[in-house]
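>>> Please find the sequence and the predicted model below.
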Amino acid sequence: MANTYTALHYHIVFSTKDREPWITMDIEGRVWSYLAGIADQHGMTALSIGGLEDHMHLVLGLPPTLAVRQSRATAQGQLLTVASPDIS
């Protein structure tokens, strides 16, 4: 019987609202950790997470059962639920 191996890696980029510099040095570590936790909760593997003040990069390993659109929406949507002026 043949074995099947699937490795789906995606580079996903999204920006802050109006590309405003909301991700400061004070909170960026917490934001990256939070995104890694979201990925883990939803069966994704966070291979690399980072970015600058106005945008984020995620390199994710996705299971074959999860659509790219769904994974991006999950990460971005859950991050928006905690993004507020008092995040720091």
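Alright, I've got the coordinates. The shown structure was predicted, so the numbers you read here are calculated from the model rather than taken from an experiment.
>>> In the helix or strand hosting residue 59, which residues are buried?
Per DSSP states H and E: residue 59 is located in strand 55-62. Neighbour-count burial for strand 55-62, counted by 16 or more other Cβ atoms under 10 Å, picks out 56, 58, 60, 62. (Each C-beta comes from the backbone N, C-alpha and C, glycine too.)
>>> From the contact counts, what lies against that strand?
For strand 55-62, the elements it packs on are strand 8-15, helix 28-41, strand 45-52, helix 68-82, judged by 3 or more Cβ pairs under 8 Å, 6 or more residues apart in numbering; DSSP states H and E.
>>> do that again at 6 Å, thanks
Contact analysis of strand 55-62 by 3 or more Cβ pairs under 6 Å, 6 or more residues apart in numbering; DSSP states H and E lists strand 8-15, strand 45-52 as its packing neighbours.
>>> now the helix or strand of the chain with the lowest mean pLDDT: how far from the chain's centre is it?
Within the chain, no helix or strand scores below helix 68-82, which has a mean of 73 by mean pLDDT, DSSP states H and E. Distance of helix 68-82 from the chain centroid (Cα atoms, centre = their mean, to the nearest Å) equals 7 Å.
>>> which helices and strands sit right next to that helix?
Using 3+ Cβ pairs under 6 Å, 6+ apart, helix 68-82 is in contact with strand 8-15.
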